Structures are given as C-alpha cells and as structure tokens.
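Task: produce atomic coordinates for the following.
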Amino acid sequence: MVAARITVNGKEAPISPAAPHTTALDFLRERGLTGTKEGCAEGECGACSILVARPGVNKPTDWVAVNACLVPAAALDGQEIITSEGLATPGEPGTPATLHPVQEEMAVRGGSQCGYCTPGFICSMAAEYYRPDRCAHAESGDGTDSADSADAEHGPNGFDLHSLSGNLCRCTGYRPIRDAAFAVGAPTDEDPLAQRREQSPPAPVATEYTQDDSTFLRKNTLAETLRLLRERPDAVVVAGSTDWGVEVNIRSRRADCVVGIDRLSELRELRVEADHIEIGAALTLTEIERRLDGDVPLLADLFPQFASRLIRNGATLGGNLGTGSPIGDSPPVLLALEATVVLADADGEREVPLADYFTGYRQSVRRPGELIRSVRIPLPLSPVVAFHKIAKRRFDDISSVAVAFALDIEDGIVRKARIGLGGVAATPIRSFATEAALEGKPWSTETVEAAARELRGEGTPMSDHRASSLYRSAMLGQSLLKLYAQTTEAVSS
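Modelled structure (predicted):
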C-alpha cells in the first residue's frame with residue numbers, strides 16, 4: 001500500500017502523521033498554508049475553501065471549491081488541491097509573486113478589508129473563473145451590455161454569484177466582492193490551471209491509513225467495500241463528509257473506522273433509461289445539477305435552495321437520505337417524484353420505495369452493512385411541479401418546512417398528485433390524505449382550498465427555535481394555495 005499523500009499546490013505532501021479524523025483545513029495549516037482559515041467549522045462561512053481537481057462535466061477536469069473544514073485529509077489521498085497561496089505565480093528569488101486574476105481584482109476593487117474571509121472567497125471565485133461553460137454575454141450594437149445580458153446575480157462576464165454562496169464577509173461588504181467577480185475575464189491559453197482542465201483528474205486510489213488506532217479506508221470497488229462493511233458494520237461511511245465533518249468538529253465525534261465511498265465508480269453513474277432515471281448515490285449535487293441540466297424540473301427547483309454551492313460541491317443524495325434527517329431538503333422532492341432507493345450489501349441488492357424507507361427519527365430500513373447505491377426516479381415526470389422551502393433566509397438556510405409538489409392535470413382535472421413534506425414529522429413524509437383530496441377533482445379554488453385544509457393537518461409539526469407548530473401547519477396549507485395561484489394560468493392556457 002502506497003503511503004497516503006496529497007498533491008498540494010503542485011507538490012506532494014504526506015498525510016502522516018495526521019490522525020485519520022484530521023480535516024484538510026488542519027492538515028494544510030499545520031504545513032504553513034495559513035491562508036486557509038477556520039471560521040465556523042461547519043461549512044457555513046467559506047473561510048476554509050480550497051480547490052480540488054474533480055472529474056469534469058464539460059472538460060476532463062473541473063476545479064471545484066469545497067470546505068476544507070469538513071473533509072478528512074485522508075479522504076483526499078491521491079488527489080490534487082490548490083489553496084489560495086497556490087493561485088499566485090511565484091516570482092524569481094527576490095521578486096514578488098504575480099497575483100492570480102481573481103486576486104488582482106479583489107485587491108484593486110477593495111474586496112478585502114480584514115482579509116480573514118478573502119482567501120475563501122478567492123478560491124470559490126477561482127472555481128467559477130475556471131468553469132468551462134462560463135462565457136461573457138453578447139453586447140448590443142452600441143457596445144453596451146444588452147438589456148437581458150445579465151441580472152443582479154449574473155455578471156456580463158457570465159459569472160454566477162451563486163458560486164460564492166457559503167462564503168461570508170463580516171466587514172468589507174459584498175458590493176466590492178461582486179464588482180471583482182463581475183470584472184474577471186477569461187483564463188488565457190497559457191494559464192496552467194486552465195490547461196490542467198484538459199487532462200484527467202487523479203485516478204481514485206485505494207487508501208488504508210491508520211494512526212493512533214483509528215483507520216480511514218477506501219476500496220477500489222463497490223464489491224470490496226460491501227465486503228468490508230460486512231466485516232466492519234460499525235464503520236462510519238462518508239462521501240462528501242458534509243454531515244460527519246460537523247460531528248467531528250463541533251461534537252468531537254471520533255470513529256475507529258471511516259470508509260470513504262465518494263470515488264467508487266459504481267456509485268457515480270447517472271443513466272437515463274426508458275422508464276426511469278438512475279442517479280448514483282455518490283454523485284455530488286452539483287454534478288447531478290449540471291449533468292441533468294434541468295431535465296428534472298423539480299430537482300432543478302431544489303438545487304439552488306439546497307445549502308450553498310460549497311456544500312453542494314460535496315454533498316450527495318445518498319448522504320442526504322442516509323442521515324435520515326427530517327429536515328433534509330432532498331427527501332420531500334424525491335418523495336414527490338415517487339423515487340426508490342437501491343440498497344446494496346455483500347449479498348445483493350434490493351429496491352425500496354422512498355415512502356417506505358424512513359422508519360423513525362434518523363432511522364430507516366437500511367440494514368447494517370448496506371449502502372444506498374442509487375436513487376431511481378420513474379418516468380414520465382409529472383408536468384406541474386414546485387418546491388417550496390420556508391426558511392428564515394432565501395438561500396443557505398435550514399428548512400422550517402419544505403413542500404414538494406408533482407401533479408398531472410389534464411382537462412382541468414387532477415389525475416395524479418404526489419406531495420412530499422419535510423420538517424413536519426419525525427421523518428420526511430408523503431402527504432397521502434392531501435393527495436387523495438386532490439386526485440379526480442377539478443383543479444379549482446374549491447378543491448384547492450379543501451385540500452389545503454387537509455394539508456394543514458398532515459404530520460405532527462413541533463415548535464422549536466425555527467418555527468412554531470402552528471406556523472408550520474399554516475405554511476403547509478399556504479404552500480398549496482401558492483401553487484394554485486402560480487399554476488392556474490399555465491394550466492388553463
């Protein structure tokens with residue numbers, strides 16, 4: 001077994017003697033790369049952002065920004081990362097380095113004050129800078145940007161401000177940071193990180209890293225992994241580590257054995273078949289979003305509202321379902337889509353409807369030694385869909401209530417209704433009573449108001465610091481009324 005090591009800013013660095021639970025953030029800082037900062041240790045501030053070379057969607061490699069505070073350094077064994085220090089071009093001895101274009105724009109446009117958050121912003125900005133399909137909008141005949149070339153969240157250079165979500169600035173203010181983002185041009189042909197996109201990312205490597213009686217393991221194949229989990233059913237399984245990383249940092253959780261599954265090819269497939277779409281459990285939400293490219297409109301509604309881009313670059317559907325959280329954002333959507341989960345262990349596979357998957361608070365039918373291999377969404381898709389997330393912030397917040405709708409409405413009659421709910425019970429649930437109140441009825445004010453009264457009584461919402469039980473019930477009913485108002489014109493036209 002080759003010693004575990006990471007290529008950092010072009011140079012190989014051994015992971016030893018770091019403990020297996022050591023985050024990439026601490027690993028880097030212990031090596032003097034202190035541009036990477038710890039702010040929240042929960043993946044919510046972005047100060048720890050780094051770039052990782054990942055399999056690309058439009059090119060062999062994408063530079064992807066992730067939270068170094070969440071990812072175990074051992075999980076990056078064999079991989080290639082760039083920190084904020086590695087973006088600049090070193091000068092000759094005695095001469096200063098040449099700033100990277102995103103660093104230059106942040107400097108000249110006043111995008112940094114105390115500087116604590118700046119390296120994280122720069123790494124996230126660099127990931128968007130190198131996004132292969134980013135392109136400037138066309139100009140009008142007079143040389144100015146055309147009226148529809150950009151909006152408040154997309155620059156004339158094609159820069160998507162949502163790529164910076166998950167990065168917080170507490171003193172500079174966001175306007176100069178936005179100005180810097182909207183000012184960057186396109187990478188030059190000589191840019192080494194742009195050239196790097198044309199080559200494949202580092203191939204997955206098997207990892208067996210042990211220190212201080214704890215171990216991080218990654219196998220080459222799914223079959224080997226399932227045999228390992230049969231032998232070690234107590235092992236913690238991680239993909240993006242966006243949940244486990246918080247447990248390690250905030251609650252000081254430790255595990256004797258952690259098994260990485262994020263690079264298993266069998267869990268990273270996305271296939272569109274005649275009767276279903278199959279999504280691998282270890283594909284990140286960003287990868288799913290870009291590969292589907294809006295082909296599943298309800299998922300397209302979900303993705304921008306799911307945490308931040310930094311989290312979506314690591315989080316997976318398998319992980320979101322595996323944690324069993326009643327406030328996870330993907331389960332309501334997948335329930336409305338009538339998804340099933342494919343569970344695999346060393347003996348074989350079984351397919352379980354998601355509506356039957358959750359059995360209690362953070363509990364499911366998944367047995368020890370089983371993994372979620374994929375999620376299957378049946379086709380055809382219902383044409384009338386919506387995802388309503390009620391939270392205190394528009395983006396990057398935890399749901400108080402999440403409601404997903406998928407309806408078939410023909411000739412003014414609701415032929416089929418599927419509604420998934422989150423935040424109103426110990427598990428994500430299907431709203432069977434409300435579905436029955438809609439199906440076979442006209443899509444009318446009377447039907448919707450009656451169904452909304454039914455929806456208000458679904459689940460067993462509780463009061464907590466995010467919302468009261470009465471508020472949650474009220475929002476359920478209001479959500480259906482909102483859907484009716486939004487779709488009536490479209491359905492009748």
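
Can you give the distance from stretch 268-276 to the centre of its chain?
Relative to its chain's centre, stretch 268-276 lies at 20 Å (C-alpha atoms, centre = their mean, to the nearest Å).

Mind checking the pLDDT average for that stretch?
In this model, stretch 268-276 has a mean pLDDT of 97.

Please apply the same query to stretch 225-245.
97.

export the least confident helix or strand in the chain by mean pLDDT as CSV, just CAs?
Within the chain, no helix or strand scores below helix 469-492, which has a mean of 88 by mean pLDDT, DSSP states H and E. Once non-C-alpha atoms are left out, helix 469-492 reads as follows in CSV (Å, rounded to 0.1, in the frame of the first residue of the first chain):
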residue,chain,number,x,y,z
SER,A,469,-46.1,24.1,15.2
LEU,A,470,-49.0,26.5,14.3
TYR,A,471,-46.8,28.3,11.8
ARG,A,472,-45.6,25.1,10.2
SER,A,473,-49.2,23.9,9.8
ALA,A,474,-50.2,27.2,8.3
MET,A,475,-47.4,27.2,5.8
LEU,A,476,-48.4,23.8,4.6
GLY,A,477,-51.8,25.0,3.6
GLN,A,478,-50.4,28.2,2.2
SER,A,479,-48.0,26.4,0.1
LEU,A,480,-50.8,24.6,-1.8
LEU,A,481,-52.6,27.9,-2.3
LYS,A,482,-49.4,29.4,-3.6
LEU,A,483,-49.0,26.6,-6.1
TYR,A,484,-52.6,27.0,-7.3
ALA,A,485,-52.0,30.8,-7.8
GLN,A,486,-48.8,30.1,-9.7
THR,A,487,-50.1,27.4,-12.0
THR,A,488,-53.7,28.3,-12.7
GLU,A,489,-52.9,30.5,-15.7
ALA,A,490,-50.4,28.0,-17.0
VAL,A,491,-52.8,25.0,-16.7
SER,A,492,-55.7,26.9,-18.3
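
Identify the residues contacting it?
384, 386, 388, 390, 400-401, 403, 405, 409, 412, 421, 423-424, 434, 443, 445, 448-449, 451-453, 455-459, 461-463, 467 (C-beta atoms under 8 Å, 6 or more residues apart in numbering). For the C-beta atoms, the positions are set from N, CA and C on the backbone; glycine is no exception.

same thing but 6 Å
For helix 469-492, the surrounding residues in contact (C-beta atoms under 6 Å, 6 or more residues apart in numbering) are 384, 386, 388, 390, 401, 403, 405, 409, 424, 448, 452, 455-456, 461-463.

okay, among those, which ones form the most distant pair?
Pairwise distances among the contacts of helix 469-492 were taken by C-beta to C-beta; the largest, 35.0 Å, belongs to I409 and S463.

what about the two, which has more around it?
I409 (20 against 11; other C-beta atoms under 10 Å).

So which residues of the stretch 101-250 of the chain form helices?
Secondary structure of the stretch 101-250 of the chain (DSSP state H, counting those that start in this stretch): helices at 101-108, 118-129, 174-183, 192-196, 222-231, 244-250.

Would you mind giving these as a markdown table with distance to I81 and mean neighbour count added?
Shown next, in a markdown table, are those (distance: least, C-beta to C-beta, whole Å; neighbours: other C-beta atoms under 10 Å):
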| stretch | distance to I81 | mean neighbour count |
| --- | --- | --- |
| helix 101-108 | 17 | 20 |
| helix 118-129 | 10 | 27 |
| helix 174-183 | 22 | 19 |
| helix 192-196 | 12 | 15 |
| helix 222-231 | 24 | 17 |
| helix 244-250 | 16 | 19 |
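
which one of those lies closest to H154?
helix 174-183 (8.9 Å).

Show me what the closest one packs onto, helices and strands only.
helix 101-108 (3 or more C-beta pairs under 6 Å, 6 or more residues apart in numbering; DSSP states H and E).

just checking, what packs against the helix it packs on?
Using 3+ C-beta pairs under 6 Å, 6+ apart, helix 101-108 sits against helix 118-129, helix 174-183.

Of the ones you listed, which is nearest A346?
Taking these one by one with C-beta to C-beta, helix 118-129 is closest: 37.7 Å.

Also compute the angle for that closest one relative to helix 174-183, please.
Orientation check (axes from the mean of the first three to the mean of the last three C-alpha atoms, to 10 degrees): helix 118-129 against helix 174-183 gives 30 degrees.

follow-up on the earlier one: let's have the helices of the stretch 101-250 of the chain in TSV, adding distance to A355.
Shown next, in TSV, are those (distance: least, C-beta to C-beta, whole Å):
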stretch	distance to A355
helix 101-108	45
helix 118-129	37
helix 174-183	41
helix 192-196	44
helix 222-231	25
helix 244-250	26
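
Please identify which of those is closest to S364.
helix 222-231 (15.6 Å).

Now do the end-to-end distance for stretch 156-171.
Length of stretch 156-171, first residue to last, C-alpha to C-alpha, to the nearest Å: 26 Å.

Buried residues of that stretch, list them for me.
Within stretch 156-171, the residues that count as buried by 16 or more other C-beta atoms under 10 Å are 156-159, 161-169.

before we move on, what about stretch 298-312?
298-299, 301-312.

mind listing which of the residues you listed are in helices?
L298, L299, D301, L302, R309, L310, I311, R312 (DSSP state H).

which of those sit farthest apart?
L298 and L310 (23.2 Å).

Make CSV from the ones in helices among the buried residues of stretch 298-312 and add distance to V52 and pLDDT to it.
Shown next, in CSV, are these (distance: C-beta to C-beta, whole Å; pLDDT from 0 to 100):
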residue, distance to V52, pLDDT
L298, 29, 98
L299, 24, 98
D301, 27, 97
L302, 24, 97
R309, 14, 97
L310, 11, 97
I311, 14, 97
R312, 14, 97
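
contacting residues around the residue most central in space within the chain?
Centroid-nearest residue in the chain, with C-alpha atoms, centre = their mean: R312, separated by 1.6 Å. Applying C-beta under 6 Å, 6+ apart, we find R312 in contact with L285, T286, F306.

Quickly name whichever of the residues you listed is closest to I15.
T286 (25.5 Å).

hang on, the closest one packs against N313?
Yes: here T286 reaches N313: they are 5.0 Å apart, a contact under C-beta atoms under 6 Å.

the more surrounded of those two?
For T286 versus N313, the count of surrounding residues by other C-beta under 10 Å is larger for N313: 26 against 23.

Pop out the phi and psi values for the more buried one.
With angles defined as degrees, to the nearest 10, N313 sits at phi -70, psi -10.

Distance check, it against F121.
As for N313, its distance to F121 is 15 Å (criterion: C-beta to C-beta, to the nearest Å).

all helices for the stretch 251-400 of the chain, in order.
Under the criterion DSSP H, counting those that start in this stretch, the stretch 251-400 of the chain contains helices at 285-292, 297-302, 309-312, 317-322, 330-336.

Looking at these, which is nearest to P176?
helix 309-312 (20.1 Å).
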